[in-house]
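S.K.: Coordinates only, no sequence provided:
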């Protein structure tokens, strides 16, 4: 599946390691949340940062003890109509998570800009749509009314702009 | 009323272009119907029994003459010459083509209107008191907050794929004309002991399959914390609302299943994690919006309106209309004109393009260019001089808009029902027409007094039958339409859900059943001043059940 | 003495304009109920479903479903009042819909 990041298809430098497979000595590994908890002693000693796969029913505050080792959270949208991961992703960012936040599952162009605004910065997408479709979708709207979100494509924040005498709400930086 | 600045205009323009692109990709097959459906619903476009149906937003029920004219144009050019005003203060068109929808959205954008989020599992139109900014009993105009919430909720990236639809209603008066207690979130403006303005926040009201009255989660929330607090509620709902069963996915089910106390604790915990930050921007925005809702330049009028009184004395029809359709205005010498869209024997809530233009012109000439849509499917001219009431009435009369039945038995709320809606289990409009004809005599209606008869064509309750003084629910029994009657519902500040009286009736039997109920009321009321709801609450359902189901 | 045949009709909305249409034996969609094929046996019903699914995929129609109907003297009448309204138009506006446009088939306006 193509990995969309910074408006380009990029190589995925994470390797998913199944729960029962041995962890490699080097390279970036992606493990399930269950494994992260089960094999934390071993994982904590790995040289590289790890990625964790999170379901949209997991409690992300349970991630806190492991955050020192996590550079990637891969969060699922089981159906594009299931909007829980929008809140989970945003809460992760509001709680200070600065690593990569990746969306997988039923990820479609018409929801891309919404996902970016709540803090997702990479996307595992189907190869059904060419890159241009994704790039266009990322810029569909140039304005947003809500404050306190993540303006990757610099959507103009309407209220802040109308009342620019006030300090802009500092956004959480991303993995980029 | 609110006027778009460059940002608002650009927003609806971009949204229209976005929809045009989505519709084209659907027509070309690039998007499947499953992928397109939520996108078109978020622009108010349904696939319905006869064609596509488009629901246009009328934010907090307020519009100008120019906007009403554009709605008329859309009815004439893109539909079949009429529109239907709904129980959420919106307007619906029943004969729309997908391939023309983007053009319609552009026509709406041209007059600062849209169809954003009038459907779909997202935050819907914020509704309010149709007499806001005019009613004599109002504490403060709730519409600036309505506009703030409208903007905040528009294309909110976190809350666009909720478990189910989400409806917010707000009131600024102690007498609630906005049915806030049967909404997902109801907000009631009030003052605390220190004289500060704040909001009672109520959550989990609703009708449909499982009607419930909303629970208070905060007695007094300062105005500048409202947006942040709403975000906390929405996040709890988005994370924990049920997604396994469409019929158990509203926030009222979540509140009911975990209990109000636990729900409140979840919201407060979420709010404590992310309390209101830098509220100066929200405050500045609210102050900016509020300027648009400053009172119009009223003239200094005398309380005594000689022409009005003269015509009342001389013309009994005008006197009847004035008696029933005019409501007290905060400003001396002014009145609130309620235009009943319930002509005797007619379809409730419908208006032709021509009627819309007539009402637009009347608003421009006599009501400071402002109209309202009420959730009872009527139109309001909020700021009319008493001295102008007669000439307004004459014009209304010419266009079948002068039914003097406002708030009476003939002022029936009815959903479109099976004549238009593929969800319906029965036709609601013919029953409404039959009841309206049966009680056409105005003297009889006035004797019955204030009465809310609400009819729904299915269990989804878009006709608000649960909160009708008399509620009628149309069901299907072995392929035949039959109608269940409930009594004692109310959508006011003393909200209640109606009680089912007993076995249902055929369509032909319903008007007589209603007459039996009303005659029972007349017999047992303490005086003519005891209205139907009060009498029902005093005596309960028993006398009505006995009258209706007495052995022949 | 004419026989009454009971079966099922496939209906949908045309994708672009939303008009209600019915599947014909030829595989085309007609706005008129009397043109529709009445599936009398399960194999025929399955064929209707398959054809409709193809046309949905081809982006011609959407919202397809089967409904029960009866044919007498070559005229088809929906069994349930909802589909009778679908094939005619609103029962409260006889001036609108197929009943006014002459595409209602041999139907009479809905009673009541």
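M.R.: Nice, thanks for sending it over. Quick caveat: nothing in here was measured; it's all calculated off a predicted structure.
S.K.: and residue 87, what element?
M.R.: As the question left the chain open, I've gone with chain A. Using DSSP states H and E, residue A:87 maps to helix A:84-94.
S.K.: hm, I was asking about chain C
M.R.: helix C:81-88.
S.K.: packing partners for that helix?
M.R.: The elements that helix C:81-88 packs onto, with contact taken as 3 or more CB pairs under 8 Å, 6 or more residues apart in numbering or on different chains; DSSP states H and E, are strand C:4-14, strand C:20-23, strand C:61-72, strand C:75-78, helix C:98-101. From N, CA and C alone the C-beta is placed, and that goes for glycine too.
S.K.: and if we set it to 10 Å?
M.R.: Judged by 3 or more CB pairs under 10 Å, 6 or more residues apart in numbering or on different chains; DSSP states H and E, the packing partners of helix C:81-88 are strand B:480-487, strand C:4-14, strand C:20-23, strand C:61-72, strand C:75-78, helix C:98-101.
S.K.: hmm, the first one touching chain C?
M.R.: Yes - looking at strand B:480-487 against chain C by CB under 10 Å from any CB of the partner chain, the contacts come from B:480, B:481.
S.K.: Is the most centrally placed residue in chain A in a helix, a strand, or coil?
M.R.: Taking CA atoms, centre = their mean, the centroid of chain A lies closest to residue A:101, which sits 1.8 Å from it. Under DSSP: H, G, I helix; E, B strand; the rest coil, residue A:101 falls in the strand class.
S.K.: who's in contact with it?
M.R.: Each residue near residue A:101 by CB atoms under 10 Å, 6 or more residues apart in numbering or on different chains is listed here: A:54, A:72-75, A:85, A:88-90, A:92-93, A:115-116, A:118-123, A:150, A:174-175.
S.K.: Now the buried members of the residues you listed.
M.R.: A:54, A:72-75, A:85, A:88-90, A:92-93, A:115-116, A:118-123, A:150, A:174 (16 or more other CB atoms under 10 Å in any protein chain shown).
S.K.: which ones among these are found in strands?
M.R.: Of the buried ones among the contacts of residue A:101, the ones assigned to strands by DSSP state E are A:54, A:72, A:73, A:74, A:75, A:122, A:123.
S.K.: Tell me if I'm right that the second one and residue A:100 touch.
M.R.: Yes - counting by CB atoms under 10 Å, residue A:72 does reach residue A:100; the two are 4.5 Å apart.
S.K.: Extract the residue ranges of chain A that are flagged as low pLDDT.
M.R.: Applying pLDDT under 70 to chain A picks out residues A:151-153, A:165-176.
S.K.: Which residue, neighbours along the chain excluded, lies closest to residue C:38?
M.R.: Spatial nearest neighbour of residue C:38, chain neighbours left out: residue C:7 (4.2 Å); criterion: CB to CB, 6 or more residues apart in numbering or on different chains.
S.K.: how much space between that neighbour and residue C:43?
M.R.: 12 Å (CB to CB, to the nearest Å).
S.K.: check contacts around the residue in chain C that chain A sits nearest to.
M.R.: The minimum distance from chain C to chain A, using CB to the nearest CB, falls at residue C:57 (14.9 Å). Neighbouring residues of residue C:57 by CB under 10 Å, 6+ apart: B:29, B:32, B:33.
S.K.: got the contact list for the residue in chain A that chain B sits nearest to?
M.R.: Using CB to the nearest CB, residue A:83 is the residue of chain A that sits closest to chain B, at 2.8 Å. Counting by CB under 10 Å, 6+ apart, residue A:83 touches A:56, A:77, A:111, A:114, A:118, B:121-122, B:157-163, B:238-239, B:241, B:243.
S.K.: For residue B:156, see how far away it is.
M.R.: Applying CB to CB to residue A:83 and residue B:156 gives a distance of 10 Å.
S.K.: Surely residue B:382 is within a strand?
M.R.: Yes - counting by three-state DSSP, residue B:382 is located in a strand.
S.K.: That one and residue B:363 touch, don't they?
M.R.: Yes - using CB under 10 Å as the test, residue B:382 is close enough to residue B:363 to be in contact (8.9 Å).
S.K.: Name the residue in those two with the higher neighbour count.
M.R.: Neighbour count, other CB atoms under 10 Å in any protein chain shown: between residue B:382 and residue B:363, residue B:363 has more, with 29 against 25.
S.K.: Quick check: which of the contacts of residue A:101 are also close to chain B?
M.R.: Counting by CB under 10 Å from any CB, A:85, A:88, A:89, A:90, A:115, A:116, A:118, A:119, A:120, A:150 from the contacts of residue A:101 sit close to chain B.
S.K.: Now render the residues you listed as JSON lines, adding distance to residue B:425.
M.R.: Compiled in JSON lines, the ones next to chain B among the contacts of residue A:101 are given as follows (distance: CB to CB, whole Å):
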{"residue": "A:85", "distance to residue B:425": "36"}
{"residue": "A:88", "distance to residue B:425": "38"}
{"residue": "A:89", "distance to residue B:425": "40"}
{"residue": "A:90", "distance to residue B:425": "40"}
{"residue": "A:115", "distance to residue B:425": "39"}
{"residue": "A:116", "distance to residue B:425": "43"}
{"residue": "A:118", "distance to residue B:425": "39"}
{"residue": "A:119", "distance to residue B:425": "44"}
{"residue": "A:120", "distance to residue B:425": "42"}
{"residue": "A:150", "distance to residue B:425": "46"}
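S.K.: downstream neighbour of the strand or helix carrying residue A:132 in the secondary structure list?
M.R.: Per DSSP H and E: residue A:132 is located in helix A:131-138. Per DSSP H and E, the first helix or strand lying C-terminal to helix A:131-138 is strand A:143-144.
S.K.: can you give me how far that following strand is from the chain middle?
M.R.: In terms of CA atoms, centre = their mean, to the nearest Å, the centre of strand A:143-144 is found 21 Å from the chain centre.
S.K.: got the angle for the biggest helix by length in chain C vs strand C:4-14?
M.R.: Scanning chain C for the longest helix, with DSSP state H as the assignment, gives helix C:42-57. If you take axes from the mean of the first three to the mean of the last three CA atoms, to 10 degrees, helix C:42-57 sits at 10 degrees to strand C:4-14.
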